[in-house]
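S.K.: Let's see this in three dimensions:
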Amino acid sequence: MRLARAVFVLPLFLMFAACAPAGEGVKHGTVSLSPSTITSLRGTWTLCLSDSDCREFPVPGGWIPHGLRITSATYKLNVKSTPGMKIGLVIPRTLAAYEVYWNHSLAGKSGKMEDAASSYEALTKRLFLFPESAAGEDLLEIRVAGIGEVGGVVQPEIYAGPAGPVSDLYFARRTVSSILAGVFLFAGFSHLLFYFSRPKQFPYLYYSIACLLSTVAMIAAEGITYLITPSGVFNTISLTTVLALMPPATLLFVEGFFGRSQSAITYVVIAAGLALCAVLWTGLFSIQAFVFVVRYFLPVLMVFMLSSYFYIVYLVIRALISGQNGAVIVLSSLLLFILGFLNDFAVNRGYFRSFSLSGEGYLCFITGMSIALARQFALFQREHDQLHRQLESSENNYRSLVEGSGQMIFALDLEMRVTSANQACRSLLGMDPRKLIGKPFSQLVHASGHLESWLAGISTLMETRKPVRFSAVLATSLGEPRAMDLTLEYANSGLGDFILGKASGRHADEIQAMCEEETQYYVMSNYIVLAELLSRRLTAGIEKTAGAEAALAVEIGLRELLVNAVEHGNLEISFEEKSGLQREGKYYEALRQKQLDPVLGARKVHIQYEFKGNEFKAVIRDEGKGFDHRKQAQIKVAELGQLQHGRGLLLARAEFDSVTYNDAGNAVTVTKKFASAPESGLH
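M.R.: Residues are numbered from 1 along each chain as shown. Alright, predicted model coming up:
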């Protein structure tokens, strides 16, 4: 299959090459035309520098490569044909002025032969239809003026024959050239637009550049640039500029197509191409500069192109050896182009005479690149479809795992609003997950669940970007409290950052369930999250004795006292100060600064805890200055209004049998005596 794709461009190459009349029809200044065949006029013409100085000279061939330092000359050709035959002639475009004579009569001209250097007008008429040949032997003379010493018939597209077939071939080739220019232009802009939609696909950018350069080359080769300015210099420089830019564009395409990074050689080729362009355009300043450029820098350009393309061939061969897709077809089309280029290079230098092949070769190369890109796109699309199917399968599996999980799995944006939730919300909270979308998660925290503990966990997560685990009391659809274990993680989906959360109902600690009595002493740092964890630990054994509801109530009251010890005790945040900070939205920033204070942050909370049978006792002492607990005890719930805090001591007094402070107010003792556990409770 690879070989079949590779040789696809070979018939294309041969088809276009076959359009040119084959063979070398002129020998020693004479050609014989057949009434049924178009004959190439390549060969040895008679070149007359003056009436007395005539010699044989190759066509195509430039004056400078053959050692001539002239500004004008006359090409003569004896044409033998069948008497009565109407002859058609197509001659190549010249740089400056020309005059065409048929049997010493002027048939057409362009520019001013006597002032060619200033007119710069190039050949605009290339097809000539001559009257019927009466004798069967005619004389064709073409007077050609150069630009300075730059001149000659350097293009091989010169042929003659029966007027009808010659005319048909001429217009057919012009039509094909116009169509190809349009195809290149369309391919260039379409791939450029494709690149803009996928900026990382650089091969499409480089291919579009190559196509657009090809369009400019064809426009210059067909003389369309003369519509802009009648300057043969401008036409020549435009064409050679394209030739100088093609190797860098081709090299970038090959490296991008095969996934190679740009090497130092790549940058040298780009710099050399741009430098040659700059030198070439100096030829616009004067005739002397143009002659200098053609004489010395066009050979340098040819060497630059050859060396660049051979390096490109080396890269493609390496890609072929490594088994990369598209290497066979790129290499085969590139070799056809180099073959045509070498042919034209040798013809222009006068090494041998042949017809032009570089245009056909480059067409094959562009076609090969297009096929390779199309195949690569097909492979990308196939891989994309396969990845899409795998993604759909993974998404379905993930959805099954998430929706089938007994845990409540949810996602939050960075403003803590729910963006998605699974069906476990129904079984754990009795809520429709669709109705949770867009709600702040803080609205799910029960009024007794101490919202500040939840916010402290979020603050820790956002600061450290590490997973946090803590306990929380969420509200069910009926407004009842539900103790949950929460895990929050900072995540990124590729579309943005978000918070991934998991919540599950608490499970009884099997070891703790075997505990009949316990006495412990804890020293806690000034972190709100630790109050959550410790309050749960201290009440873990109560559920066995008094049930889950009683355990949860004690846990809430105990947590309030631990948080008070941290905030108002060790960190010395007064009631009024906290109220003001919460109104300004700066509470957690101030809390963090207090925790980092070398004096306040070093303080600890001491907890002495005792559980025996159905009796619970805890002593909580902070290292702060204490507070007026008697005044605080007189505050009623109604007096707190819309404040988000201040209910801790009220909750503690409601849950415990006794709440006793020492005189300083920095230590509190709470007790609770439980009845037997009910047969069923909150789980």
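
S.K.: count of residues packed around Ile158?
M.R.: 25 (other Cβ atoms under 10 Å). Every C-beta, even on glycine, is put in place using the N, C-alpha and C of the backbone.

S.K.: for Leu276, that is, sorry about that
M.R.: Neighbour number of Leu276 under other Cβ under 10 Å is 23.

S.K.: tell me the SS of it?
M.R.: Classification of Leu276 using DSSP: H, G, I helix; E, B strand; the rest coil returns helix.

S.K.: check contacts around it.
M.R.: Residues counted as contacts of Leu276 (Cβ atoms under 8 Å, 6 or more residues apart in numbering) are 244, 297, 300-301, 304.

S.K.: could you redo the last one with a cut-off of 10 Å?
M.R.: 240-241, 243-245, 247, 293, 297-298, 300-301, 304-305 (Cβ atoms under 10 Å, 6 or more residues apart in numbering).

S.K.: Which member of those residues is positioned nearest Arg630?
M.R.: The shortest approach to Arg630 among those belongs to Leu245, at 90.9 Å (Cβ to Cβ).

S.K.: In the stretch 201-350 of the chain, where is pLDDT below threshold?
M.R.: 217-232, 345, 347-350 (pLDDT under 70).

S.K.: any idea where the helices of the stretch 151-300 of the chain begin and end?
M.R.: 163-197, 202-221, 232-257, 264-281, 287-292, 298-321 (DSSP state H, counting those that start in this stretch).

S.K.: If you count neighbours, what's buried in the first one?
M.R.: Residues 163, 166, 169-170, 173, 177, 180-181, 183-185, 187-188, 191-192, 194-195 are the ones in helix 163-197 that count as buried (16 or more other Cβ atoms under 10 Å).

S.K.: hang on, the earlier thing: with respect to Arg143, which of the helices of the stretch 151-300 of the chain lies nearest?
M.R.: helix 232-257 (15.6 Å).

S.K.: which strands and helices sit next to the closest one?
M.R.: Applying 3 or more Cβ pairs under 10 Å, 6 or more residues apart in numbering; DSSP states H and E, we find helix 232-257 packed against helix 202-221, helix 264-281, helix 287-292, helix 298-321, helix 327-348, helix 358-403.

S.K.: Note down every partner strand of the helix or strand just after the longest one and its orientation.
M.R.: The element immediately downstream of helix 358-403 (helix or strand, assigned by DSSP states H and E) is strand 408-412. Applying DSSP bridges to the sheet, strand 408-412 is found paired with strand 418-421 (antiparallel), strand 497-505 (antiparallel).

S.K.: and the longest one, average pLDDT?
M.R.: Per-region confidence: strand 497-505 scores 85 on mean pLDDT.

S.K.: picking up where we left off before, how about the helices and strands packed on helix 232-257 in TSV, adding distance to His606?
M.R.: Converted to TSV, those look like this (distance: least, Cβ to Cβ, whole Å):
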stretch	distance to His606
helix 202-221	66
helix 264-281	69
helix 287-292	95
helix 298-321	73
helix 327-348	75
helix 358-403	43
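
S.K.: wait, which of those is closest to Thr669?
M.R.: Per Cβ to Cβ, nearest to Thr669 of the helices and strands packed on helix 232-257: helix 358-403, 46.3 Å.

S.K.: so how far is that closest one off the chain centroid?
M.R.: Distance of helix 358-403 from the chain centroid (Cα atoms, centre = their mean, to the nearest Å) equals 15 Å.

S.K.: Which other helices and strands does it contact?
M.R.: Using 3+ Cβ pairs under 10 Å, 6+ apart: helix 358-403 touches helix 2-6, helix 9-18, helix 163-197, helix 202-221, helix 232-257, helix 327-348, strand 408-412.

S.K.: Point out where the stretch 501-650 of the chain drops to low pLDDT.
M.R.: 506-513, 632-648.

S.K.: at 50 instead, please
M.R.: Residue ranges of the stretch 501-650 of the chain with pLDDT under 50: 637-645.

S.K.: where exactly do the helices run in it?
M.R.: Under DSSP H, counting those that start in this stretch, the stretch 501-650 of the chain gives helices at 510-513, 528-538, 542-546, 548-564, 575-584, 587-596, 629-633, 637-640, 648-655.

S.K.: Please tell me how far the longest strand that the chain contains is from the chain's geometric centre.
M.R.: Determined from DSSP state E, the single longest strand within the chain is strand 481-492. On the basis of Cα atoms, centre = their mean, strand 481-492 sits 37 Å off its chain's mean C-alpha point.

S.K.: and it with strand 408-412, angle?
M.R.: 50 degrees (axes from the mean of the first three to the mean of the last three Cα atoms, to 10 degrees).

S.K.: Determine the set of other helices and strands touching strand 481-492.
M.R.: Right, strand 481-492 is packed against strand 408-412, helix 424-429, helix 451-464, strand 468-475, strand 497-505, helix 528-538, helix 548-564 by 3+ Cβ pairs under 10 Å, 6+ apart.

S.K.: and the third one, average pLDDT?
M.R.: Think helix 451-464. Rounded mean pLDDT across helix 451-464 is 76.

S.K.: and if you look at the first one?
M.R.: For strand 408-412, the mean pLDDT works out to 88.

S.K.: Give me the contact list for that strand.
M.R.: 401-403, 417-429, 431, 433, 436-437, 440-441, 444, 458, 474, 484, 486-488, 491, 493, 498-505.
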